[in-house]
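Undergrad: Fold the stuff below for me.
(one chain, ligands or ions: 1)
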Amino acid sequence: MKTEGGSTAAKRRAGERAAEAVEDGFVVGLGTGSTTAHAIRAIGRAVDDGLAVRGIPTSFQSRQLALEVGIPLTDLDAVDGVDLAIDGADQVVDDPDSRAHGALIKGGGAAHAREKLVDTAAERFVVVADPSKLTDRLERPVPVEVLPDAHTVTADRIENLGGDPTLRDAERKDGPVVTDNGNLVLDCAFGPIDDPDGLAAQLSRIPGVVEHGLFVGVADATYVGTDDGVEVRRY
Ligand SMILES: O=C[C@H](O)[C@H](O)[C@H](O)COP(=O)(O)O
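TA: Purely as a prediction, here's the structure:
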């Protein structure tokens, strides 16, 4: 799980505040990453105190943590709906004058395909972040999960859109990162992204793309942990 960047205390404040929104009987989407991990641990403590919830993990990592802290688990196909999803982000547009306000780049931990399934299914999706994630325009490389057998041709098509794709390598293994779904990840640099919605549609149309990390118009709020509190952005 990726943990670099941002202060741990700020991440913890954001995660714990989001966990306070979990109500008795909720089905909760459990995102992935170092910030969401604080929310999962806080939900686990609430479960110890008697809160009845079921969690839907978005990755092997969040599943393991949820099991460790005692959150009963379910899956999307087994529930009528998801009341709340809590998830992190790699970048969040923070500009109320921009049409992209609240748009996200996700997938730093290669979990964005399952995250998008769960986050878009939720009645309410809350992003948890520290201030280092806020930006005027999305500009980090966009993680794109691709079918392994087609990663070269898919990379060519992403280049045709103006992207510069790099196959994500595993740090402690020879070879590429393999996602929980058995696929590969291309980190695709586009420079500053003026129209994330348009780029999202173009990426989704490429055969071989399983899912990309642009989340546009999905988040309902971002909880930004700071050095001394939590700022809430609502969309
Ligand atoms: O694939 C991973 C996810 O999209 C994470 O939610 C994202 O990378 C943020 O992680 P963190 O809270 O560790 O910065």
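Undergrad: May I see the buried residues of whichever strand or helix holds Val128?
TA: Following DSSP states H and E, one finds Val128 within strand 122-129. For strand 122-129, the neighbour count (16 or more other C-beta atoms under 10 Å) marks Ala122, Phe125, Val126, Val127, Val128, Ala129 as buried. The C-beta positions use only the backbone N, C-alpha and C, and glycine is treated the same way.
Undergrad: What of stretch 42-60?
TA: Buried-residue list, stretch 42-60, by 16+ other C-beta under 10 Å: 42-44, 46-47, 51, 53-59.
Undergrad: burial of Ala111, as a residue count?
TA: For Ala111, the neighbour count with other C-beta atoms under 10 Å is 31.
Undergrad: what sits against it?
TA: Listed by C-beta atoms under 8 Å, 6 or more residues apart in numbering, the contact set of Ala111 reads Gly31, Thr32, Gly33, Thr58, Ser59, Gln61, Ser62, Thr179, Asp180.
Undergrad: measure it to Val53 for me?
TA: Distance check for Ala111 against Val53: by C-beta to C-beta, to the nearest Å, it reads 20 Å.
Undergrad: Need the pLDDT of the residue lying closest to Arg45 once chain neighbours are set aside.
TA: Once flanking residues are discounted, Arg45 sits nearest to Val69: 7.4 Å by C-beta to C-beta, 6 or more residues apart in numbering. Val69 carries a pLDDT value of 98.
Undergrad: Arg172 too?
TA: For Arg172, pLDDT reads 82.
Undergrad: Can you give me the neighbour number for it?
TA: Using other C-beta under 10 Å: Arg172 sits among 4 other residues.
Undergrad: for Asp75, same thing?
TA: Count around Asp75 with other C-beta under 10 Å applied: 11.
Undergrad: That one contacts Ile56, doesn't it?
TA: Yes. If you go by C-beta atoms under 8 Å, Asp75 and Ile56 touch, sitting 6.0 Å apart.
Undergrad: taking the contacts of Ala111 one by one, which sit in strands?
TA: Residues of the contacts of Ala111 located in strands (DSSP state E): none.
Undergrad: May I ask which two of the residues you listed are separated the most?
TA: Gly31 and Thr179 (15.3 Å; C-beta to C-beta).
Undergrad: So the two - more neighbours on which side?
TA: For Gly31 versus Thr179, neighbours defined as other C-beta under 10 Å are more numerous around Gly31 (32 against 25).
Undergrad: quick one: contacts for that one?
TA: Ala39, Thr58, Ser62, Ala85, Ile86, Asp87, Gly88, Ala111, Glu115, Val118, Asp119, Val128.
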